[in-house]
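> Below are the sequence and a predicted model; questions follow.
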Amino acid sequence: GSQLMDDEDELGPAGIADSSGDQSLPRSVVTKLIKDLTPPTLRCSPEAQALIHECLGEFLQMLTAEANEASTRDKKNTISETHLTQALHSLGFDRFISACNPQSGAPLDPKAALRAERKKSKKAQRSELSPEELLRMQQELFAGAKERFDASRSTTQTEVTQPGKV
């Protein structure tokens, strides 16, 4: 048997280690992740869900401990994204590092992304114009820009097609 099954004093009623004493992801979050990441035709037993919960908790503890060591080596009191990517590398999870890099300048921090979205939303709410009026104005701006673009293209083409004029 595995180490998990040999530790009789830590086993819960289903034979899975009880993690109620430690700080880990809420079971509801893990259940939702499982549901979101698996096909609708696939079912996951409660025992398997509990094991996945335990594995996630262990993974997060290992990652946090390794990132903490990296921040300590850098003489920093805060674990940064760099420390987490270093931890992923040292633990052999290099394939996850690219998923940690922000795409096209998007903030990696979900709280920063939420703050940016709220700021954008508040700015739109402060406008005294209705969404329909804003859309109409935007369409007018696009139409004007297209007219100017088309006009500049026709002028350029006229100059090119009439080489005798200088």
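Received, thanks. Numbering: from 1, shown residues only.
> helices and strands of the protein: which one has the lowest mean pLDDT?
Using mean pLDDT, DSSP states H and E, the weakest-scoring helix or strand in the chain turns out to be helix 3-6, at a mean of 40.
> quick one: contacts of the following helix or strand past it?
Sequence order places helix 27-37 as the next helix or strand after helix 3-6, per DSSP states H and E. Contacting residues not belonging to helix 27-37 are listed as 44, 49-50, 52-53, 56 [CB atoms under 8 Å, 6 or more residues apart in numbering]. Any C-beta I mention is one placed from the backbone N, CA and C, and that applies to glycine too.
> can we see that at 7 Å?
Contacts to helix 27-37, defined as CB atoms under 7 Å, 6 or more residues apart in numbering, come from residues 44, 49, 52-53, 56.
> which of the residues you listed are buried?
49, 52-53, 56 (16 or more other CB atoms under 10 Å).
> what ranges of this protein fall below the confidence cut-off?
The chain contains residues with pLDDT under 70 at 1-23, 101-110, 123-125, 155-166.
> longest helix of it?
The helix spanning the most residues in the chain, taking DSSP state H as the definition, is helix 131-161.
> Could you check how far it is from the centre of its chain?
37 Å (CA atoms, centre = their mean, to the nearest Å).
> Show me what it is packed up against.
Using 3 or more CB pairs under 7 Å, 6 or more residues apart in numbering; DSSP states H and E as the contact test, no helix or strand touches helix 131-161.
> on that earlier part again, in helices, which of the contacts of helix 27-37 fall?
49, 52-53, 56.
> Save the residues you listed as TSV, and put in distance to Ile34 too.
Formatted as TSV, these follow (distance: CB to CB, whole Å):
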residue	distance to Ile34
Gln49	6
Ile52	6
His53	9
Leu56	10
